[in-house]
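# Just a sequence and a predicted model for now, questions to come.
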Amino acid sequence: MNGIGKILIVMGLVFLLAGAILVLAGKFPGFKSLPGDIIIKRANFSIYFPIGTSLLISLILTLVIFLWRKFGA
């Protein structure tokens with residue numbers, strides 16, 4: 001049970017950090033859309049496909065997990 005508690009604490013901190021980034025990212029103009037994000041605007045609707053943002057987040061998470069496994073526990 002001790003290991004599960006540590007995992008839950010780490011996951012909670014990750015979610016807290018991700019939430020803070022999402023709240024603060026809206027205040028900076030560069031984070032609203034990256035190159036590669038597809039935006040389709042029509043008269044009645046708009047669609048946003050964050051492909052570039054998804055690739056960037058995936059790259060960052062892959063790097064973090066790699067470094068954690070290499071140098072962490």
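Done, it's in.
# domain parsing for this protein?
Per the record, the chain has its domains at 1-28, 33-73, by automatic domain parsing.
# Least confident of these, on average?
When those are compared on average pLDDT, domain 1-28 comes out lowest at a mean of 79.
# Make sure residue 35 is actually in contact with residue 52.
Yes: using CB atoms under 8 Å, residue 35 is in contact with residue 52, at 5.6 Å. For glycine as for every other residue, the C-beta is placed from the backbone atoms N, C-alpha and C.
# does the residue most central in space within the chain count as helix, strand or coil?
For the chain, residue 57 is the residue whose C-alpha lies nearest the centre (CA atoms, centre = their mean; 4.9 Å). At residue 57 the chain is in helix, as set by DSSP: H, G, I helix; E, B strand; the rest coil.
# rewinding a little: and residue 35 and residue 52? which has more neighbours close in?
Using other CB atoms under 10 Å as the criterion, residue 35 and residue 52 rank with residue 52 on top: 14 against 7.
# Let me see the contact set for that one.
33, 34, 35, 36, 37 (CB atoms under 8 Å, 6 or more residues apart in numbering).
# let's see it at 7 Å
Counting by CB atoms under 7 Å, 6 or more residues apart in numbering, residue 52 touches 34, 35, 36, 37.
# can you give me the strands in the protein?
Using DSSP state E, the strands of the chain run over 38-41, 46-49.
# Tell me which of these lies nearest to residue 12.
Nearest to residue 12, of all the strands of the chain, is strand 46-49, at 28.8 Å by CB to CB.
# Quick one: residues in contact with the closest one.
37, 38, 39, 40.
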